[in-house]
Each structure stands twice: as C-alpha cells, then as structure tokens.
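Novice: Kindly generate the corresponding structure for this input.
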Amino acid sequence: MLEIGQPAPDFADLPRDGGDTVSLSDYAGKTIVLYFYPRDDTSGCTKEALAFTEHLAAFDAANAVVIGESKDSVKKH
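Specialist: Residues are numbered from 1 along each chain as shown. Okay, the predicted model is just below:
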C-alpha cells in the first residue's frame, strides 16, 4: 500500500485503449494525477472524467497528466 507523497512503483507496458501500452517512464518529469473509477459508461465515471477534461488546461500548465484507471477490460474501452 502506498502512503500519500510516496513515489509510485515503476510499471511498464500496461495495455491502454487504442492498442498502445503505457509505462511510468513515459511521464518522467511530470506530475501524474491518477484516478480510479469502478466501471465504464456510468454516470459517476462520466462526471468524473468530464470534470478532469474541463480542467485539462490547468493540468497542462502544472506539467501534470491525468490518467483514469478502471477494472474494465481494454477491449471495453
């Protein structure tokens, strides 16, 4: 379990939508805002994702990237 402020463990080649993979090293030098949602296409996940999208310019200005994670399969995305 991670504690607040603790560095994220390294990860590599996790599948993502579009057929690509993602690794922690892809975001070297950036702050990562990682949020979790239980399932795609629910009102809660949609609201959350839209709220992050609404503020993407502010995240960009802060050199931050937003990543959403769910337990749904990559194919479902």
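Novice: residues near residue 68, how many?
Specialist: For residue 68, the neighbour count with other C-beta atoms under 10 Å is 15. (Glycine included, C-beta is placed from N, CA and C.)
Novice: quick one: the strands in the chain?
Specialist: Here the chain has its strands, by DSSP state E, at 14-15, 21-22, 31-36, 64-69.
Novice: Make CSV out of the ones you listed and add distance to residue 6 and mean pLDDT.
Specialist: Listed next are the strands of the chain as CSV, based on distance: least, C-beta to C-beta, whole Å; pLDDT from 0 to 100:
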stretch, distance to residue 6, mean pLDDT
strand 14-15, 19, 86
strand 21-22, 20, 90
strand 31-36, 13, 88
strand 64-69, 17, 89
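Novice: where does this protein have low pLDDT?
Specialist: 39-40, 44-45, 74, 76-77 (pLDDT under 70).
Novice: which one of the strands of the chain lies closest to residue 75?
Specialist: strand 14-15 (9.5 Å; C-beta to C-beta).
Novice: Tell me which strands the closest one pairs with, and in which orientation.
Specialist: Next to strand 14-15 in the sheet, as set by DSSP bridges, lie strand 21-22 (antiparallel).
Novice: And the partner strand, how far out from the chain middle?
Specialist: Distance of strand 21-22 from its chain centroid, counting by C-alpha atoms, centre = their mean, to the nearest Å, is 11 Å.
Novice: And the strands of the chain: which comes nearest residue 7?
Specialist: Residue 7 lies closest, by C-beta to C-beta, to one member of the strands of the chain: strand 31-36, at 10.5 Å.
Novice: between the lengthiest helix in the chain and strand 64-69, what angle do the directions make?
Specialist: Among the segments of the chain that qualify as a helix by DSSP state H, the longest is helix 43-54. Orientation check (axes from the mean of the first three to the mean of the last three C-alpha atoms, to 10 degrees): helix 43-54 against strand 64-69 gives 160 degrees.
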